[in-house]
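[1] Any chance you can model this:
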Amino acid sequence: MPDQQSADLTLPSVVASLPGGGQEQALVLTIVFHPETNRIGETARFDKLVGHDSRILGRASPCFSTLAGSSAEKALDDPYISRAALHVRYRNGDVILSRSSTSSRARIAGSELTDETRLSYAQLKAGVPIQMGGRVVLLLRRAAYIVPSSNSRLSGRAIQGSSSYMYRLREQICLLASTDLDVLIRGETGTGKELVAEAIHAASARAVKKMIAVNMAAIPVALAPAALFGSARGAFTGADKAAAGYFEQAEGGTLFLDEIGDTPSEVQAQLLRALQQREIQCVGGPVRKVDLRVISATDAPLDDQACNFKAALRHRLSEAEIVLLPLRLHPEDTGELLWSFIKSNMVSMGRRHVLPGENSDAKNIALWAELFHSFICYSWPGNVRELNNLAQQVALASESQLVIPESVQACTSEMRASDTVAEDAGPLLSGDYSDEEFLQSFANAHYEVARVSRQLGISRQAVYRRISDSPQLCLASELSNDKIQQALVKCGGDIAAAGMQLKVSRMGLRERIRNTRSASAD
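    Down below sits the predicted model:
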């Protein structure tokens, strides 16, 4: 057996944040919505253009298939789309789309196409929505391209999506499930870190036992030892019987430590010993061995010096590591995810009849296409969690037919935010945006100053001034401890959800909580 030091030098790292990963880059068309809903998620490679050659995008070409390598390929085959709806040319990395006046209508990136438009390399990297005939929605994007086998070793609801990125993620989950390594999952809030943890556990040999999920941000420092490692009878006042901690509850299975980046520094040392030795000592009791796997997750920058996270614990947690991409970096999965969420919610609410089918009229199909088009144009700051939340709102509003509620329309009306706006762009006058418009934009940006600055094209200083002038807004540093604690309790320790309730940025709230804990420790 190698000693711990030498073993740590060879620990593997499995990173899902690199969808290229040496794979070939290609122009890929993905079906975001189609009247035949089972075709949502199908793809076609669309970059085999040489010199001045052109291709046709229309009813009969190209042919689409599933990423899993299905032998059945099929064109869009929709009667409302012209056979030669769009002519496509390739010029020095750009793509030129042209439409004749007699062809079926088309919208490119939200705008009606009347003659010709040129799509830059940067636009294609981000993804360009294309709505055809008012019924079919596609996404044209330059992305990694693979031709995987038709075998999928991972099933279940957790990991959906047909992009190359999602395929690789499923493969990596299967690889990790075949080992007993501790895993650190990193990614923005709402990217599905707990679902990935569940998928790893479900595909592993430990699936016969439980996965115990713990929100580390919700555990008070004083109660952490008893909560994590348990307590013996009589260990403290009120301990009239022994209580098993989370480590003991997960015996034989998996312990999922969510929000691990928010673990108080006093608790980090205790966690490190438990992980290194696989030994725990309950409060007032003896030391005992435990057999379990630990999967942790965070959206905090653990390697940042300001994070105050112990390097030794960070390395011990990540015998293997997965970094999840935000939805805006794999937008081709939006249609498939949205359809899954919409369908699931409609069925659970007894509204299966609202879903589009072969007997749906053209007006109804057009409304569904418009919903998916608006969703593919949105930048999704809240990632997959936000997507699911809005899908629930749509399902709730649609009793007898599809209804897109005003709250959803307001949220998705903003097109994909450009990252090219300079951070020091000159501030617009305060009157350029009404209070209502500013508040809506701020909510859409999840109260993140940098994001609303980019979206509105104003400086951060201008955003801070509007916050200061608004009686409805404040900074996290201005909130009382009681108000923060009440929000955390109500939201089950979810800092992102608490931030939305308090109308402050998640990062600002996290920093405020850390500072409060540090002051209490002193």
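
[2] Only C-alpha atoms from now on, for both contacts and neighbour counts.
    OK.

[3] Pull the contacting residues for residue 352.
    Counting by Cα atoms under 8 Å, 6 or more residues apart in numbering, residue 352 makes contact with 343, 346.

[4] just for the chain, where's the confidence low?
    Along the chain, segments meeting pLDDT under 70 span 1-23, 48-53, 67-71, 147-158, 233-242, 284, 305-306, 414-433, 454-461, 515-522.

[5] How about the contacts made by the most centrally placed residue in it?
    Against the mean C-alpha coordinate of the chain, by Cα atoms, centre = their mean, the closest residue is residue 191 at 2.5 Å. For residue 191, the contact set (Cα under 8 Å, 6+ apart) comprises 324-327, 383-385.

[6] Residue 398 too?
    351, 354, 404.

[7] From residue 353, how far off is the nearest residue to the second one once chain neighbours are set aside?
    In space, and not counting its chain neighbours, residue 354 is closest to residue 401: 5.0 Å by Cα to Cα, 6 or more residues apart in numbering. Noted for residue 401: a distance of 8 Å to residue 353, by Cα to Cα, to the nearest Å.

[8] Can you tell me the SS state at residue 339?
    Per DSSP: H, G, I helix; E, B strand; the rest coil, the local secondary structure of residue 339 is helix.

[9] Check the spacing between it and residue 478 real quick.
    41 Å.

[10] So for these two, which sits in the more crowded spot?
    Counted by other Cα atoms under 10 Å, residue 339 and residue 478 do not tie: residue 339 has more neighbours, with 21 against 9.

[11] Look up how far residue 375 lies from that one.
    Shown here: residue 339 relative to residue 375, a distance of 11 Å by Cα to Cα.

[12] dump the residue contacts of the residue nearest to residue 474 when sequence neighbours are not counted.
    Distances taken as Cα to Cα, 6+ apart place residue 467 nearest to residue 474, at 6.0 Å, with adjacent residues excluded. Applying Cα under 8 Å, 6+ apart to residue 467 gives the contacts 473-475.

[13] Closest one of these to residue 223?
    Closest approach to residue 223 among those (Cα to Cα): residue 475, at 29.0 Å.

[14] Skip the chain neighbours and tell me the closest residue to the closest one.
    Closest residue in space to residue 475, ignoring its immediate chain neighbours: residue 504 at 5.9 Å, by Cα to Cα, 6+ apart.

[15] I figured that neighbour hits residue 449, correct?
    No. Between residue 504 and residue 449 there is no contact under Cα atoms under 8 Å: 9.3 Å.

[16] Give me the more crowded residue out of those two.
    Comparing residue 504 with residue 449 by neighbour count (other Cα under 10 Å), the higher total belongs to residue 504, at 25 against 21.

[17] Specify the local secondary structure of the more buried one.
    Classification of residue 504 by three-state DSSP places it in coil.

[18] now do residue 88
    Put simply, residue 88 is strand when judged by three-state DSSP.

[19] Number of residues surrounding the spatially closest residue to residue 74 that is not a sequence neighbour?
    Nearest non-adjacent residue to residue 74, counting by Cα to Cα, 6+ apart: residue 63, 4.8 Å away. Counted with other Cα under 10 Å, residues neighbouring residue 63 total 18.

[20] how far away is residue 472 from residue 439?
    Plainly put, residue 472 is 9 Å away from residue 439 if you go by Cα to Cα.

[21] The two: who's more crowded?
    Neighbours per residue, other Cα under 10 Å: of residue 472 and residue 439, the larger number sits with residue 439, 19 against 10.

[22] Quick check: that one vs residue 411, distance?
    For residue 439, the distance to residue 411 (Cα to Cα) stands at 12 Å.

[23] before we move on, what about residue 229?
    44 Å.

[24] Tell me which of the two has more neighbours.
    Remark: of residue 229 and residue 411, residue 229 carries more neighbours, 24 against 19, as counted by other Cα under 10 Å.

[25] Disregarding residues adjacent in the polypeptide, which is nearest to the more buried one?
    In space, residue 229 is closest to residue 245, 4.3 Å off (Cα to Cα, 6+ apart).

[26] Quick check: residue 72 is in a strand.
    No. Looking at residue 72 with three-state DSSP, it is coil, so not inside a strand.

[27] Contact partners for the spatially closest residue to it that is not a sequence neighbour?
    In space, not counting the residues next to it along the chain, residue 72 is nearest to residue 65; the distance is 6.5 Å by Cα to Cα, 6+ apart. Residues in contact with residue 65 (Cα under 8 Å, 6+ apart) are 42-44, 71-74.

[28] make it 6 Å
    Residues in contact with residue 65 (Cα atoms under 6 Å, 6 or more residues apart in numbering) are 42-43, 73.

[29] Could you tell me which of those residues count as buried?
    42-43 (16 or more other Cα atoms under 10 Å).

[30] Just the closest of the contacts of residue 65 to residue 202, please.
    Nearest to residue 202 among these, counting by Cα to Cα, is residue 42 at 27.0 Å.

[31] Now that the closest one has come up, it's in contact with residue 32, right?
    No. With contacts counted by Cα atoms under 6 Å, residue 42 stays clear of residue 32, the gap being 8.3 Å.
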